[in-house]
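Undergrad: the sequence isn't on hand, but the structure is:
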């Protein structure tokens, strides 16, 4: 069964979620995940990450989430910035970190918060700046759309909150 907006809202809606996200590069190529069922515009494409579990540090969650979703292990996480998304019923506070890839094998992982029949991860890949700006089938995370080049993500600091209008 494919994920639907209703299932996504039931799982993640009407609560404030604190999430971690990893900014990882291979050269100029940014590690991104295409999620299905999160938008009506095809895929939602974003860096790997997910919710912090009770009793877990942000760094521990980052290591866990990247490996669950991509099969890769990271090292040397460095805090960059905070992004807040409010689009009722969804509300997320996202802590973004840069991190180095130290091992593992790139694969399409899973989201343990979703049932096996409702997995939302469609593809996992390193995307070049050209591929990012040529992508027509998906909506990118607001913070990626904010930058002229993916490497700019590494220099962002502070707090970001954008309106919910799509801009590619």
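TA: Cool, got the structure. Remember, it's a predicted structure, so these values are computed and weren't measured experimentally.
Undergrad: low-confidence stretches in the chain?
TA: Flagging of the chain using pLDDT under 70 yields the residue ranges 1-13, 37-41, 114-118, 136-138, 164-168.
Undergrad: can you show me the strands along it?
TA: 15-23, 25-26, 29-35, 43-46, 49-51, 72-87, 90-104, 121-127, 138-140, 158-160 (DSSP state E).
Undergrad: what does the second one rub up against?
TA: Contacts with strand 25-26, where a contact means C-beta atoms under 8 Å, 6 or more residues apart in numbering, come from 31, 101, 126, 150-151. Quick note: C-beta positions are derived from backbone N, CA and C, even for glycine.
Undergrad: give me the sheet partners of it and which way each runs.
TA: Using DSSP bridges, the strands paired with strand 25-26 are strand 29-35 (antiparallel).
Undergrad: residues in contact with the strand it pairs with?
TA: 22-25, 43-48, 69-70, 72, 101, 120-129, 132, 138, 144, 150, 153.
Undergrad: I figured residue 159 hits residue 94, correct?
TA: No - Residue 159 is beyond contact range of residue 94, at 10.7 Å (criterion: C-beta atoms under 8 Å).
Undergrad: more neighbours: the two, which one.
TA: residue 94 (22 against 9; other C-beta atoms under 10 Å).
Undergrad: contacting residues for the closest residue to residue 151 other than its chain neighbours?
TA: In this structure, residue 151 finds its nearest non-sequential neighbour in residue 28, 6.6 Å apart by C-beta to C-beta, 6 or more residues apart in numbering. Residue 28 makes contact with 128-129, 150-151, according to C-beta under 8 Å, 6+ apart.
Undergrad: could you redo the last one with a cut-off of 10 Å?
TA: 126-130, 149-151 (C-beta atoms under 10 Å, 6 or more residues apart in numbering).
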